[in-house]
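J.: Here's my sequence, what's the structure:
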Amino acid sequence: MNTLYYGDNLQVLRDSIATESIDLIYLDPPFNSQATYNVLFKAPTGEQSEAQIEAFEDTWHWNDHAENAFDEVMKSGNSDVAELLRALRSFLKENDVMAYLTMMAIRLLELHRVLKSTGTMYLHCDPTASHYLKLLLDSIFGPKRFLNEIIWKRSSAHSDAKQGMKRCGRIHDVIFFYSKGDECKWNTLYTPYTKEYLESEYKHTAPDGRRYKETDLTAAKPGGDTEYEWHVKRPWGPKARWEADLDNEYKNPKAEHEYKAVRPYKGRYWAYSKANLIQFAQDGCLIHRRTGAPRLVQYADSMLGIVLQDLWDDIPPVAGGEDLGYPTQKPLSLLERIITESSDEGDTVLDPFCGCGTAVHAANKLRRNWIGIDITHLAISLIEKRLRDAFPGVAFDVHGTPKDMEGAHALAAQDKYQFQWWAVSLVDAVPYGGKKKGADTGIDGLIYFKPDGKTTEKAIVSVKGGENVNVAMIRDLAQVVHREKAKIGVFLTLADATGPMKTEAVKEGYFETPYGKYPKIQILTISDLFQGKRPKIPLVDPAAFKKAAKESEGGEQDKLRF
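T.: Numbers count the residues shown, from 1 in each chain. Take a look at the predicted model:
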């Protein structure tokens with residue numbers, strides 16, 4: 001079953017992913033230790049900054065966790081990566097970059113373990129730490145398993161090349177491509193010919209207007225049936241080159257044209273067998289020079305194109321209807337290309353940093369099995385929504401998210417922010433706020449709606465994961481609703497609401513709309529949400545979450561070869 005896992009990918013890999021069970025790994029890990037990675041939601045009112053949530057901060061600083069990871073690598077049994085990491089630590093010292101590389105090293109060892117002997121891995125990064133990451137990959141996979149450094153031109157211009165900046169603009173990412181064994185799955189892909197290439201290589205035009213090129217049919221060395229005479233009876237002249245009849249040994253015994261013969265030259269042989277040349281002739285793919293020497297005609301429109309190279313400048317960044325509002329979202333076509341060239345239908349694709357879920361989306365579309373892992377409930381809930389929008393009725397499992405009250409209590413005790421984001425996702429609210437100190441505004445989520453069908457209003461969602469809740473919390477929510485000029489407040493609580501809390505909520509009255517009256521303050525317990533209850537809000541605005549376009553499983557894989 002296709003599966004999403006919430007949790008630290010290191011632990012999930014160790015506990016849940018079997019050795020040599022994965023055909024293809026794609027990972028797009030955070031690039032460096034200084035970045036903060038946000039998932040942004042643009043409110044229907046256009047207030048993007050107000051609808052921002054910090055999904056997680058890169059907190060890979062050198063601390064006890066980094067020291068323990070370093071020690072695990074030293075004891076991993078892979079002496080190459082252990083010695084490399086020891087050398088890097090000697091050079092970099094105990095800083096954030098070293099913590100990042102240590103975190104990646106211990107995970108790359110696990111990813112190598114779960115990969116099949118015929119499997120491949122694509123690691124997507126930018127030049128910030130790519131040189132260090134390649135050293136780690138060489139030490140784990142072996143330098144001979146390095147297949148490509150793919151350069152993806154993600155944009156034509158970038159805002160970091162501002163006036164007065166003394167460097168070039170940064171417009172590309174790096175994708176390292178490695179195999180685990182000597183043999184790996186590979187489906188050759190092609191890209192279309194450019195206009196310049198057609199004009200330089202396919203210089204001739206046939207009478208029917210098709211572009212073609214002539215290819216020599218001789219070879220320098222013998223191989224198989226390559227020593228024979230080629231005879232042709234044919235008229236001469238420009239037009240006759242396309243109307244030649246073969247002699248009675250081949251096609252037309254009644255031909256009475258001038259006889260010409262081409263024999264193997266000393267030290268030269270035919271590149272194809274006689275049977276192949278006869279087939280070329282019968283297919284109309286031979287023309288002859290005045291000496292009678294045959295030339296193979298290759299039509300541009302019948303060729304597959306140019307074999308895919310390691311510079312990918314034909315896939316633009318995410319735009320238009322595909323853009324779901326995530327700043328690090330990768331284009332679907334990029335992942336479709338990777339998955340198509342290195343796996344077959346029914347194979348298993350793993351993305352251990354699945355983010356907004358582009359890799360699992362592409363894998364599902366191309367009929368691959370898939371596994372996605374992410375460390376935030378926010379990402380998991382977003383991927384669930386994306387998959388159900390794109391593939392109505394799609395079946396997949398989700399592990400690590402609460403399925404009952406016991407799981408909800410455990411999550412609340414483990415991480416209050418993850419609990420808040422998970423609870424907010426249950427009511428389809430836009431998450432709000434982050435982990436920064438002093439950032440608590442009393443708002444954990446926003447639900448946008450249009451009570452008159454035109455004007456966008458909002459409901460404030462407040463989440464409490466503690467064991468004790470009281471009436472003061474309802475008063476606080478009412479004040480936030482008033483301060484933010486919202487129309488409704490929704491209080492989500494893990495604990496049961498008290499009688500005074502319910503009474504206080506009723507005192508706030510109702511919000512009246514053409515469709516009826518709705519309580520201004522609504523209380524829902526997590527138990528209520530498990531039972532399917534939801535806030536009473538009219539005409540919720542679907543624009544708060546961009547909807548993934550509906551897909552048909554299987555996609556149009558063959559078109560990716562052009």
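J.: max-length helix in the chain?
T.: Longest helix in the chain, counting residues (DSSP state H): helix 96-114.
J.: chain center to that one, what's the gap?
T.: In terms of Cα atoms, centre = their mean, to the nearest Å, the centre of helix 96-114 is set 20 Å apart from its chain centre.
J.: And Lys487, how far from Pro514?
T.: Separation of Lys487 from Pro514 (Cβ to Cβ, to the nearest Å): 14 Å. To be clear about C-beta, it is placed using only N, CA and C from the backbone, and glycine gets the same treatment.
J.: Of those two, give the one with the bigger neighbour count.
T.: Lys487 (19 against 9; other Cβ atoms under 10 Å).
J.: isn't the more buried one right up against Glu457?
T.: Yes: counting by Cβ atoms under 8 Å, Lys487 does reach Glu457; the two are 4.7 Å apart.
J.: Give the residues shared as contacts by the two.
T.: Common neighbours of Lys487 and Glu457, using Cβ atoms under 8 Å, 6 or more residues apart in numbering, are Pro451.
J.: Helix, strand, or coil at Glu504?
T.: State at Glu504, reduced to three classes by DSSP: H, G, I helix; E, B strand; the rest coil: helix.
J.: which residues touch the closest residue to it other than its chain neighbours?
T.: The shortest distance from Glu504 to any non-neighbouring residue, by Cβ to Cβ, 6 or more residues apart in numbering, is to Ile474 (4.4 Å). Residues counted as contacts of Ile474 (Cβ under 8 Å, 6+ apart) are 491, 501, 504-505, 521, 523.
J.: Against Ile447, how distant is Ile474?
T.: Counting by Cβ to Cβ, the gap from Ile474 to Ile447 is 18 Å.
J.: returning to what we had before: for the longest helix of the chain, packing partners?
T.: If contacts are counted by 3 or more Cβ pairs under 8 Å, 6 or more residues apart in numbering; DSSP states H and E, helix 96-114 sits against helix 9-16, strand 22-27, helix 64-74, helix 79-92, helix 130-141.
J.: how about the ones you listed in JSON lines, adding mean neighbour count and mean pLDDT?
T.: Supplementary listing: the helices and strands packed on helix 96-114 in JSON lines, determined by neighbours: other Cβ atoms under 10 Å; pLDDT from 0 to 100:
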{"stretch": "helix 9-16", "mean neighbour count": "17", "mean pLDDT": "96"}
{"stretch": "strand 22-27", "mean neighbour count": "25", "mean pLDDT": "98"}
{"stretch": "helix 64-74", "mean neighbour count": "16", "mean pLDDT": "94"}
{"stretch": "helix 79-92", "mean neighbour count": "15", "mean pLDDT": "96"}
{"stretch": "helix 130-141", "mean neighbour count": "20", "mean pLDDT": "96"}
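J.: Quick one: these as CSV, columns for distance to Ala206 too.
T.: Converted to CSV, those look like this (distance: least, Cβ to Cβ, whole Å):
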stretch, distance to Ala206
helix 9-16, 56
strand 22-27, 42
helix 64-74, 63
helix 79-92, 57
helix 130-141, 47
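J.: And the protein, split by domain according to the record?
T.: As given by automatic domain parsing, the domain ranges for the chain are 3-191+308-401, 195-302, 406-544.
J.: out of those, which comes closest to Glu551?
T.: Nearest of the domains of the chain to Glu551, taken as Cβ to Cβ: domain 3-191+308-401 at 4.5 Å.
J.: quick one: low-confidence parts of this protein?
T.: For the chain, applying pLDDT under 70 flags the ranges 31-60, 157-164, 223-224, 231-268, 290-292, 327, 433-440, 543-545, 552-562.
J.: in the stretch 201-350 of the chain, which spans are helices?
T.: With DSSP state H, counting those that start in this stretch as the criterion, the stretch 201-350 of the chain has helices at 274-282, 332-342.
J.: show me what contacts Glu345?
T.: Counted by Cβ under 8 Å, 6+ apart, Glu345 has contacts 366-368.
J.: Could you dump those into a markdown table with neighbour count added?
T.: Shown next, in a markdown table, are those (neighbours: other Cβ atoms under 10 Å):
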| residue | neighbour count |
| --- | --- |
| Leu366 | 23 |
| Arg367 | 14 |
| Arg368 | 22 |
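J.: And the strands in the stretch 451-562 of the chain?
T.: Secondary structure of the stretch 451-562 of the chain (DSSP state E, counting those that start in this stretch): strands located at 457-464, 488-493, 510-513, 516-519, 521-525.
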